[in-house]
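J.: next come a sequence and a model predicted from it.
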Amino acid sequence: RTFYVNGDFVAEENAKISVLDRGFLFADAVYEVSTVLKGKLIDNKAHLKRLARSMSELSMAPPCSEAEIEAAQLELIKLNELDEGLLYLQVSRGVADRDFAYPAKSKSSLVMFTQVKNLLNSPMAEQGLHVISIPDMRWKRRDIKTVGLLAPSMGKQAALDAGVHDAWMVEDGLVTEGTSNNAYIVTKDRKIQTRHLGHEILSGITRHAVLKFAAEAGYTIVEEPFTIEAARQASEAFITSASTFVMPVVNIDGVELGDGKPGPVSKQLRLIYIKAAL
Ligand code: PDD
């Protein structure tokens, strides 16, 4: 695999960052994960716009122009001959001696790599995910896509240890989102419900696209938080993200939704999303 590090395309053994990088010491770094299908980036402009917002919220200088980032992304996909998978991109504030305050002078670093993934024909799309609910232990600015991912990492591990696929995080009795995805239910009257945007969740690029497609398909969208109890009583549930598209959830805390199989609304939205992406 070829990696990208600050302007250079290098082999993994040469893809290195200083131990004084603030991304390493303070999780002072932001990231994006973009889908690649048929060698093409999906919704990349929206990902780069969210990256710019994440940097701006943290007063982090962009490492280079958006056009330069995109050119490097395309080159990396080409060098790795990536057909289907993910492109990971991370910007950190850069290298400075350890001090909590932002350094007066530091050069932001940009690293990227690709991952081959079977996204379109994921077997989980047929089976549906089982999730557990866990307390949301993350910080209060989840709208900024930082690499401070220990809480969701613990949540995902807790899910795997419990023999399920993922966890939905709950704060003040209401579902925020999945460990690395936005969470939805389909109510008994066929409305699609997902938490409203704010500091509590990440504004998903896939969320934006899927809500638009769902509205066009005639669904009523309710952007309001829901409880785990409401989710258990929903007729369907699903998640969205760049790495899962629309993925059905069929079991929450051991309670089967409907007949325990992916429901028609989730399946339809997955098909619509994939068709538009290809
Ligand atoms: N995660 N919420 C959280 C907490 C996320 O980490 C993600 C994305 C999303 C969905 O956002 P999008 O639709 O833009 O991918 C929601 C990526 C995939 C990751 O960390 O790997």
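T.: In hand now; what should we look at?
J.: contacts, neighbours, all on C-alpha from now
T.: OK.
J.: stretch 172-184: end-to-end distance?
T.: End-to-end distance of stretch 172-184: 17 Å, with Cα to Cα, to the nearest Å as the criterion.
J.: tell me if that stretch is near the ligand.
T.: Yes - counting by Cα under 6 Å from any ligand atom, the ligand is contacted by stretch 172-184 at 179-182.
J.: relative to the whole chain's centre, how far out is that stretch?
T.: Stretch 172-184 sits 12 Å away from the centroid of its parent chain (Cα atoms, centre = their mean, to the nearest Å).
J.: what do you get for stretch 85-104?
T.: Put simply, stretch 85-104 sits 19 Å off its chain's centre (Cα atoms, centre = their mean).
J.: so what pLDDT did the residue lying closest to Ala234 once chain neighbours are set aside get?
T.: The shortest distance from Ala234 to any non-neighbouring residue, by Cα to Cα, 6 or more residues apart in numbering, is to Thr187 (4.9 Å). If you check Thr187, the pLDDT there is 97.
J.: which ones among the residues of stretch 172-184 next to the ligand are found in strands?
T.: Of the positions in the residues of stretch 172-184 next to the ligand, Asn182 sit in strands, assigned by DSSP state E.
J.: the residue nearest to Ala234: neighbour count?
T.: 17 (other Cα atoms under 10 Å).
J.: repeat that for Thr114.
T.: When counting by other Cα under 10 Å, one arrives at 25 neighbours for Thr114.
J.: bridging residues for it?
T.: Counting by DSSP bridges, Thr114 is bridged to Leu87.
J.: coming back round to it: of the residues of stretch 172-184 next to the ligand, buried ones?
T.: Taking 16 or more other Cα atoms under 10 Å as the criterion, what is buried in the residues of stretch 172-184 next to the ligand is 179-182.
J.: the ligand contacts on the stretch 1-150 of the chain?
T.: So far as Cα under 6 Å from any ligand atom goes, the stretch 1-150 of the chain lies against the ligand at Val33.
J.: quick one, strands of the stretch 1-150 of the chain?
T.: With DSSP state E, counting those that start in this stretch, the ranges of strands along the stretch 1-150 of the chain come out as 2-5, 8-11, 29-37, 40-41, 85-92, 109-116, 129-135.
J.: need these in JSON lines with mean pLDDT and distance to Phe238, can you?
T.: Shown next, in JSON lines, are the strands of the stretch 1-150 of the chain (pLDDT from 0 to 100; distance: least, Cα to Cα, whole Å):
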{"stretch": "strand 2-5", "mean pLDDT": "98", "distance to Phe238": "33"}
{"stretch": "strand 8-11", "mean pLDDT": "98", "distance to Phe238": "37"}
{"stretch": "strand 29-37", "mean pLDDT": "98", "distance to Phe238": "19"}
{"stretch": "strand 40-41", "mean pLDDT": "98", "distance to Phe238": "23"}
{"stretch": "strand 85-92", "mean pLDDT": "98", "distance to Phe238": "21"}
{"stretch": "strand 109-116", "mean pLDDT": "98", "distance to Phe238": "24"}
{"stretch": "strand 129-135", "mean pLDDT": "98", "distance to Phe238": "8"}
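J.: okay, the ones you listed in TSV with distance to Thr220 next?
T.: Converted to TSV, the strands of the stretch 1-150 of the chain look like this (distance: least, Cα to Cα, whole Å):
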stretch	distance to Thr220
strand 2-5	43
strand 8-11	46
strand 29-37	27
strand 40-41	29
strand 85-92	31
strand 109-116	36
strand 129-135	24
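J.: done for today, thanks.
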